[in-house]
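Chemist: here are the coordinates; sequence isn't available:
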């Protein structure tokens, strides 16, 4: 069975273009671990849906993404991405900080919290020309409503990702 899966994977890699892609399946590691699916349409515009988790909960995110060449004079493999979207998160532990006392220890709230929110999206990705793989560094800042605090700013969603494009 492993042999058949390996042969199928190799045949897929040989028949897929790497630079211009329409679909990508991405695995992310960082403050949040997750998997996401990105669908690109014409002119480097698309949508992305992701499922992320960490030790304190899970998050479902939908994003509208845009890509543009990052260094057009130097390389055609680097792309800068940006966008916006929304998420729904379930957390069992939330750390809050007082902005007026930045060096004070965080306030830890434990319980079951469901919070909707809005997100931004920034990424720098490297597309391989001959292979259907993409490496990227992602930053998804956001804010949430209706958690233990009425309003929570989340600025720690950094991740490094590897994607298979098809």
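Modeler: Received, thanks. None of these values were measured; they are calculated from a predicted model.

Chemist: Can you tell me the element the nearest residue in space to residue 58 that is not next to it in sequence falls in?
Modeler: Spatial nearest neighbour of residue 58, excluding adjacent residues (C-beta to C-beta, 6 or more residues apart in numbering): residue 90 at 5.4 Å. Yep, even glycine has a C-beta here, placed from its N, CA and C like the rest. Counting by DSSP states H and E, the element that carries residue 90 is strand 78-96.

Chemist: measure residue 55 to residue 153 for me?
Modeler: 20 Å (C-beta to C-beta, to the nearest Å).

Chemist: quick one: which of the two has more around it?
Modeler: Shown here are residue 55 and residue 153; by other C-beta atoms under 10 Å, residue 153 has more neighbours (14 against 7).

Chemist: can you pull up the bridge partners for the most centrally placed residue in the chain?
Modeler: What sits nearest the mean C-alpha location of the chain, by C-alpha atoms, centre = their mean, is residue 138, with 5.9 Å. Going by DSSP bridges, residue 138 is paired in beta bridges with residue 123, residue 159.

Chemist: quick one, strands of this protein?
Modeler: Assigned by DSSP state E, the strands in the chain fall at 23-30, 33-40, 45-54, 57-69, 78-96, 107-127, 133-139, 142-145, 151-154, 158-165.

Chemist: now the ones you listed in JSON lines, with mean pLDDT?
Modeler: Listed next are the strands of the chain as JSON lines, based on pLDDT from 0 to 100:
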{"stretch": "strand 23-30", "mean pLDDT": "96"}
{"stretch": "strand 33-40", "mean pLDDT": "95"}
{"stretch": "strand 45-54", "mean pLDDT": "94"}
{"stretch": "strand 57-69", "mean pLDDT": "95"}
{"stretch": "strand 78-96", "mean pLDDT": "92"}
{"stretch": "strand 107-127", "mean pLDDT": "91"}
{"stretch": "strand 133-139", "mean pLDDT": "96"}
{"stretch": "strand 142-145", "mean pLDDT": "89"}
{"stretch": "strand 151-154", "mean pLDDT": "82"}
{"stretch": "strand 158-165", "mean pLDDT": "95"}
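
Chemist: Thank you, goodbye.
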